[in-house]
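Enquirer: model this:
(2 chains, ligands or ions: 2)
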Amino acid sequence: MPKRTAYTAKIEHYQILDENGELDTRLAKNTLTDEDVVFLYEQMSISRHYDEIAFKLQRSGRMGTYPQNKGQEAGPAAAGLVMKQRGSVDWIAPCYRENLALFLNGLPMESILLHWMGDERGNKIPDGVNILPMAIPIGTHPLHAVGLGWSAKYKEEDRVGVAFFGDGATSEGDVHEAMNFAGALKLPCVFFCQNNKWAISVPSSTQTASETFAQKGLAYGHHCVQVDGNDIFACYKIFKEAIDRARMEHKPTFIEALTYRLGDHTTADDARRYRDQAEVDEWAKKDPLIRTRKYLENKGLWDDDRQAQIEAKAKEIVSRVVKNAEGIEKPKTSDFFDDMFAVLPDELVRQRETMRTSVLGQRPQTETLAGQPQHA
Amino acid sequence: MASLTLVQAINLALIQEMEADDRVLILGEDVGKNGGVFRVTEGLHERFGAKRVVDTPLAESGIMGSAIGLAMGGLRPIPEIQFEGFMGPAYDQLTNHAARYRSRSRGSITIPMTVRVPVGGGIHAPELHSDSPEAIYAHTPGLKVVMPSSPYDAKGLLISAIRDPDPVVFFEPKRIYRSFREEVPEDEYTVPIGKAKIVEEGSDLTVVTWGASTVQCIEAMDSLPEDLSVELIDLRTIYPWDEETVVESVNKTGRCVIVHEAPKTAGFGAEVATVIQERCFLKLQAPVQRVAGFDTVMPYYKLELEYLPDAARIGKGILECAAY
Ligand SMILES: Cc1ncc(C[n+]2csc(CCOP(=O)(O)OP(=O)(O)O)c2C)c(N)n1
Ligand SMILES: [Mg+2]
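Expert: Numbering: from 1, shown residues only, chains lettered A, B, ... in the order given. Ligands and ions are numbered 1, 2, ... in the order given. Presented below is the predicted three-dimensional model:
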């Protein structure tokens, strides 16, 4: 046979909870319990409020640049819950648009605010929390999830390396090297790509000529799947399967979660320059909070009273978090020296003690030569 | 003449070179419709179209490597790397290819491209948006490295860079992107690569600096004693740097303070100090003094002003060198 088909593939798309709050009960089987859904809705509400307050802090000069998570809460919430239910043993290598996955697995809510307030203490990870600091260089950290998954396999631990990243990140070479390593070395890893349609001003259609982002994993031997990223049921189901596939088969999964960045890229951005409001309005209707609330209301699990309660609770939690983040004592200058090495080289100690970068001035002025101008 | 900010001066230079030479094109992340995250390429997409102002996929190695190919193909690409902290992925292409093609092909292949990169701290930016890596590229044989400190120089140096037959890394100090205006001629003009500028003449002590630190040095000089006459030199080009201007000045003053934002150790100040030692040895009346960033990771913005050399630290360095 001179000609045959060497390879065919298809990418499945999962949606279980649609934008009207209607559930596909068949697909929803063995996924989220009622309590889980209530919990996730509450968490997403708190996260949304956190985002709004963070935005206001930036606008009033109390915080630097901040990237809102608004509209993208469902994927991180559902994936975060899967990992939380496993005892938060998995390694999370995050970008900056999955706050909720981090909060659900032990990162204090203050940390993210502190980071964006220009304070490295926001990156200090409490003992026993398996989360890396947010990666600022786009697409570099999935390799760390790969190495962490590898270390778990090596030590025969039941842990998975999980990377969160955006559609734009898939254009970086490092992401492809990460995907290839995970596939070729058979590592327990999950790649969670939040396709929010934009990478700052660049639409995902400019980012790639590929029909889906999910199919990018095919070339590296991943199990690949696309989900409605605003649907907590689909995200939960697919992420849980991915974790199990990683643990039991050491086969990586590439998940493309279709979602939308409802806010600007960051507070330094103005999305009106490059995208139509009509598109934003369309996606606002698909907001994960709206559909989850509808679902809960239809099931008689939610009402206006409970809504008022969670809004009050969100306010209380977030204002306490803001107070803690803003109330922290000013960092000391010596801080940026002290964590450079386990043992500081002499030169660094000298720089720290004197705040000097020249040998001059570190000695008493008695060395001043006679006859020279004396201005010191 | 118009009174322009550094951003506007660069924007004008880009427009004029693109009008004059249709081989010139811009590529990078968000440079098109958005006009760049600092708005340096504002209006260019509308004016020249998507063929010449190209929003690329998010990949610095891709931007740099394909710009090399464009240059080899007879064009004059201007790749933009969004922040200096993201040159990492492009490093291999820039240093192992762009810098070496002419030499390894014995002159048969050349890479006339200008890599634009916002640089430096002081704007309250997040991590990896505030570094000063100029010494790394000055230490890469085959690259020219430029860093203007004023709108006038920015326009003239950028035009020189675009017309240069070799790869130029054009660092734009973001701290002074919009901090002041200067008269900038409407017509095209060049400021030569490799020529320093004597910002202020003086006879007692030489200060050598570049980029946004130039502004800090001017501020420091304002509060020095009247009878201390300081000569301020802005290198403008880090490589190939203007040894003659510096050597002549230090031979006259006998004292030198070098100021830069980058970490001290193996910073470009070390090179300048060495050449001064080689060429002004018998004229020196004090050790060359460095006021620089510390040998640490650039701190997040709560502490960035304690890291960056400011007028107080620079002034102290000058006084101590003068008193030595
Ligand atoms: C290596 C690198 N290049 C450029 C940037 C600047 N930058 C920050 S976010 C971003 C877009 C990221 O898009 P995407 O991966 O889709 O994530 P999203 O912001 O949409 O969540 C860019 C270009 C960066 N942080 N790192
Ligand atoms: Mg995106």
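Enquirer: What is the distance between the longest strand belonging to chain B and the centre of its chain?
Expert: When every strand of chain B is counted residue by residue (DSSP state E), the longest turns out to be strand B:256-263. Taking the mean of its C-alpha atoms, strand B:256-263 sits 14 Å from the chain's own mean (Cα atoms, centre = their mean, to the nearest Å).
Enquirer: And the average pLDDT for it is what?
Expert: Per-residue confidence for strand B:256-263 averages out to 98 on the pLDDT scale.
Enquirer: so after it, what's the next helix or strand?
Expert: Beyond strand B:256-263 in the direction of the C-terminus, DSSP states H and E gives the next helix or strand as helix B:268-279.
Enquirer: could you say what helices and strands that next one packs with?
Expert: Secondary-structure packing of helix B:268-279 (3 or more Cβ pairs under 8 Å, 6 or more residues apart in numbering or on different chains; DSSP states H and E): helix B:134-138, helix B:243-253, strand B:256-263, strand B:289-293. C-beta here means a position set from N, CA and C on the backbone, and glycine is covered the same way.
Enquirer: In TSV: these, plus mean neighbour count and distance to ligand 2.
Expert: TSV is the format used below for the helices and strands packed on helix B:268-279 (neighbours: other Cβ atoms under 10 Å in any protein chain shown; distance: least, Cβ to the ion, whole Å):
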stretch	mean neighbour count	distance to ligand 2
helix B:134-138	23	30
helix B:243-253	19	47
strand B:256-263	27	32
strand B:289-293	28	33
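Enquirer: Could you point out the helix or strand that follows whichever helix or strand A:Val37 is part of?
Expert: Under the criterion of DSSP H and E, A:Val37 resides in helix A:34-59. Tracing the chain C-terminally past helix A:34-59 and defining elements by DSSP H and E, one meets helix A:74-85 next.
Enquirer: thinking again about what came up before, what about the helices and strands packed on helix B:268-279, which gets the closest to ligand 1?
Expert: Taking Cβ to the nearest ligand atom, helix B:134-138 is the member of the helices and strands packed on helix B:268-279 nearest to ligand 1, at 16.5 Å.
Enquirer: after the closest one, next one along is what?
Expert: Beyond helix B:134-138 in the direction of the C-terminus, DSSP H and E gives the next helix or strand as strand B:144-146.
Enquirer: what comes into contact with that following strand?
Expert: Residues from elsewhere that reach strand B:144-146 (Cβ atoms under 8 Å, 6 or more residues apart in numbering or on different chains): B:134, B:137-138, B:157, B:161, B:164, B:166-171, B:193-194, B:236-240.
Enquirer: ok, back up a step: the helix holding A:Val37: how far from the chain's middle?
Expert: Averaged C-alpha coordinates place helix A:34-59 at 15 Å from its chain's average position (Cα atoms, centre = their mean).
Enquirer: ok, now which ones touch A:Cys224?
Expert: Listed by Cβ under 8 Å, 6+ apart, the contact set of A:Cys224 reads A:9, A:11, A:214-218, A:253-254, A:256.
Enquirer: tell me which element it is part of?
Expert: With DSSP H and E as criterion, A:Cys224 is part of strand A:223-228.
Enquirer: again with A:Ile92
Expert: In this structure, A:Ile92 sits in strand A:91-93 according to DSSP H and E.
Enquirer: which of the contacts of strand B:144-146 count as buried?
Expert: If you count burial by 16 or more other Cβ atoms under 10 Å in any protein chain shown, the buried members of the contacts of strand B:144-146 come out as B:134, B:137-138, B:157, B:161, B:164, B:166-171, B:193-194, B:236-239.
Enquirer: separation between the residue of the stretch 1-150 of chain A found nearest chain B and B:Leu305?
Expert: Taking Cβ to the nearest Cβ as the measure, the stretch 1-150 of chain A has A:Gly118 as its residue closest to chain B, at 3.3 Å. When Cβ to Cβ, to the nearest Å is applied, the distance between A:Gly118 and B:Leu305 equals 11 Å.
Enquirer: who has more neighbours, those two?
Expert: Regarding A:Gly118 and B:Leu305, a neighbour count based on other Cβ atoms under 10 Å in any protein chain shown identifies A:Gly118 as having more, with 21 against 12.
Enquirer: which residue packs closest to that one, ignoring adjacent ones?
Expert: Nearest-residue entry for A:Gly118: B:Tyr301, 3.3 Å, with adjacent residues in sequence omitted and distances by Cβ to Cβ, 6 or more residues apart in numbering or on different chains.
Enquirer: show me the contacts for the one you found.
Expert: For B:Tyr301, the residues meeting the contact criterion (Cβ under 8 Å, 6+ apart) are A:64, A:118, B:124-126, B:130.
Enquirer: Could you dump those into CSV with pLDDT, secondary structure and distance to ligand 2 added?
Expert: As requested, the contacts of B:Tyr301 are arranged in CSV below (pLDDT from 0 to 100; DSSP: H, G, I helix; E, B strand; the rest coil; distance: Cβ to the ion, whole Å):
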residue, pLDDT, secondary structure, distance to ligand 2
A:Gly64, 96, coil, 21
A:Gly118, 98, coil, 24
B:His124, 95, coil, 24
B:Ala125, 96, coil, 20
B:Pro126, 96, coil, 17
B:Ser130, 98, coil, 24
